[in-house]
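1. Dropping the sequence and predicted coords here.
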Amino acid sequence: MSDTSQQAAVAAASLLIAAVAHWYLYVRLVRDVTASARWRGAGRATAVVLSLLVPSGVMAAQYADPTRIGVLTWPAFAWVGCAAYLLMVLAVLEIPRRLITRSPARRASGNPAPSRKPSRNGADNRTSGAERSAPTTPGPGSVTDGSWAADRRALLARSVALLATGTAVATTAYGFRRGLGPPDVRTVRVALRRLHPSLTGLRITMASDLHLGPFFGRDRTARLVRMINDTSPHLVAVVGDLSDGTAEDLGPHAEPLARLRSTHGTYFVTGNHDYRHDVDAWIDTLAGFDVTTLRNTRTPIEHRSGVIDLAGVTDVEGERKHDAPDYDRALGGRDPSRPVVLLAHQPVQVHQAARHGVDLQLSGHTHGGAFFPGNLLVPLSQPVTSGLATIGGTQLYVSRGAGTSPPPIRVGAPPDITVVELHAR
C-alpha cells in the first residue's frame with residue numbers, strides 16, 4: 001500500500017470512528033437529558049463539527065508543519081482527551097444506568113389490573129352506579145406512575161451526564177498539566193557483571209520521546225537540556241522519537257541539544273515517529289548539534305581504567321524505510337570481556353538483544369502507558385511498560401519519556417529523565 005493510500009485509509013477509519021463515538025456522546029449527553037428541539041439541534045451540529053475536527057487534527061499533526069497548525073491541533077487534541085474520558089466514564093456507568101432505568105418498569109408491570117369474574121348465571125359482574133361514581137386512586141400502572149418513571153429516567157440521565165462531564169474535564173485538565181509540565185528526574189542503579197570496578201558510578205542520562213512538534217518546541221528542549229546537564233552525566237542518550245515533523249520545520253527547535261554537556265558526548269537512535277519524515281535529514285541536523293547517531297553501530301566508551309561498548313540499532317519501523325535494525329552489525333565481533341549497553345527505541349527489541357548477549361538495553365516508546373487504558377494496551381505489544389526488568393539474561397530499562405505524542409496527556413505515568421548509574425556486580 002502506498003503512503004497516499006495508507007493516509008486515505010487512516011483518514012477514512014478515523015472519520016468513521018469519530019462519527020460513531022460522537023453519535024453516542026450526543027445520545028447520552030444531549031438527547032437523553034433534554035426534550036428541547038433547539039438544544040438537540042445544537043447538540044447534533046456540535047457533534048458533526050467535533051467529528052470532523054478530530055481526524056483533521058490527527059492528520060494535521062502527522063503530516064503538516066507542526067509550527068503552523070496549533071490553531072487546529074490544540075482544540076482537536078484537547079477534545080480527543082476529554083472525549084476519551086467521557087466515553088470511558090459513560091461506558092462504566094452504562095450497565096448500572098440500564099439496571100436502574102428498568103426497575104420502575106418492572107415494578108409497574110408486576111401489578112396487572114384485576115380481571116372480571118363471571119357470575120354463576122354466566123353474566124359479567126356489572127359495576128354499580130355507586131362504584132362508577134366513586135373516586136379512584138392512581139395505581140402503580142397509572143399515567144401518574146408513568147410520569148414519575150419518566151422523571152426518574154430524566155434525572156438519572158442528567159446525573160450520569162454531569163458526572164461524566166465533570167470527571168472528563170477535570171482529568172483531561174490534570175493530564176495536560178502533567179504531560180506538558182517538567183519531567184521527573186529518576187536515578188536507577190544497574191549492576192553489570194562484566195563492568196570494570198573503576199567504572200562504578202558511570203552515569204548515562206537518557207531522555208526518550210521528546211516528540212518535538214505542535215506541543216513541544218524550542219523552549220521545552222532548552223528546559224530539558226538544563227535538566228540533563230544538572231545531572232552531570234558522563235554520557236547522554238536520546239533514545240528515539242525526537243520529533244513529529246521534518247528537520248526543516250523543527251530543526252531550530254532541536255538546536256538547544258547542542259548545549260548538552262557530558263564527559264563522553266551525546267548519542268541518538270531512531271524511533272518509529274522519526275521515520276514519518278526524512279530521517280536522513282534529521283541525522284544530518286543532529287550531527288551539526290554534536291549529537292552522534294548510532295545507526296546499527298557501536299563505539300567504545302573509555303572511562304577511567306575501564307571500557308564499555310555503547311551500541312545502537314535503528315527502530316523496527318525502519319524496515320519499511322530500508323533502514324532495518326541490524327544486530328549482527330551493531331553487536332557482532334566485539335570484545336567479550338567488555339559489557340555492552342544497547343540503545344534501542346522499542347522494548348520489544350530486547351529479544352534480539354538477549355540473543356546477542358547484551359548486558360543492558362535502554363528504551364522508551366511506551367510513555368509508561370501515558371493514561372488509562374494505555375497501561376493495559378502496552379503489554380500487548382511490549383514486554384515492559386516502564387522501569388527495570390531482566391529478559392533472557394539482558395537487563396532492560398524502559399523510560400516513560402520526556403515528552404509524549406498527541407494528545408499530550410499523562411495520568412499516572414508522568415514524564416521522566418532517567419540517570420542510569422552503572423555498578424560492578
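-> Cool, the structure landed.
2. His264: what secondary structure?
-> The three-state label given to His264 by DSSP: H, G, I helix; E, B strand; the rest coil is coil.
3. For it, the count of nearby residues, please.
-> Counted by other C-beta atoms under 10 Å, the residues lying close to His264 total 18. Quick note: C-beta positions are derived from backbone N, CA and C, even for glycine.
4. next one: the one 4 residues further on
-> Counted with other C-beta under 10 Å, the neighbours of Phe268 add up to 25.
5. Buried residues, the lengthiest helix in the chain. List them.
-> The longest helix of the chain (DSSP state H) is helix 70-109. Buried residues in helix 70-109, counted by 16 or more other C-beta atoms under 10 Å: 72-74, 76-90, 93, 97, 104, 108.
6. Stretch 364-382 too?
-> Using 16+ other C-beta under 10 Å as the test for burial, stretch 364-382 gives 364-371, 374-375, 378, 382.
7. In helices only, show me those.
-> Using DSSP H to define helices, the subset of those located there is 374-375.
8. Convert stretch 152-165 to CSV, retaining C-alpha atoms only.
-> Extracted in CSV, the C-alpha atoms of stretch 152-165 (Å, rounded to 0.1, in the frame of the first residue of the first chain):
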residue,chain,number,x,y,z
ARG,A,152,-36.7,9.3,37.3
ARG,A,153,-35.1,8.4,34.0
ALA,A,154,-34.5,12.0,33.1
LEU,A,155,-32.9,12.7,36.5
LEU,A,156,-30.7,9.7,36.2
ALA,A,157,-29.6,10.7,32.6
ARG,A,158,-28.7,14.2,33.7
SER,A,159,-26.8,12.9,36.8
VAL,A,160,-24.8,10.5,34.6
ALA,A,161,-24.1,13.2,32.1
LEU,A,162,-23.0,15.7,34.8
LEU,A,163,-20.8,13.1,36.5
ALA,A,164,-19.1,12.0,33.2
THR,A,165,-18.6,15.6,32.1
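9. buried sites along it?
-> Quick answer for stretch 152-165 (16+ other C-beta under 10 Å): 153, 156-157, 160-161, 164-165.
10. Over to stretch 57-65?
-> For stretch 57-65, burial by neighbour count (16+ other C-beta under 10 Å) applies to 57-62, 64.
11. again, but for stretch 328-345
-> Neighbour counts over stretch 328-345 (16+ other C-beta under 10 Å) mark 330-331, 338-345 as buried.
12. And for stretch 214-223?
-> Residues 214-217, 220-221 are the ones in stretch 214-223 that count as buried (16+ other C-beta under 10 Å).
13. And for stretch 295-302?
-> 295-296, 298, 301.
14. how about the helices in this protein?
-> Secondary structure of the chain (DSSP H): helices located at 3-26, 37-63, 70-109, 129-133, 143-180, 218-229, 247-254, 279-287, 327-331, 350-355, 374-377.
15. Which residue is the nearest non-sequential neighbour of Pro252?
-> Leaving aside its sequence neighbours, Pro252 sits nearest to Arg218 (C-beta to C-beta, 6 or more residues apart in numbering; 6.4 Å).
16. Next one: the nearest residue to Thr263 once chain neighbours are set aside relative to Leu343, how far apart?
-> Excluding the flanking residues, the one nearest Thr263 by C-beta to C-beta, 6+ apart is His234, at 4.4 Å. According to C-beta to C-beta, to the nearest Å, His234 and Leu343 sit 15 Å apart.
17. residue ranges with poor pLDDT in the stretch 201-350 of the chain?
-> Scanning the stretch 201-350 of the chain for pLDDT under 70 picks out nothing.
18. Just the pLDDT at Arg116, thanks.
-> In this model, Arg116 is scored at 49, pLDDT.
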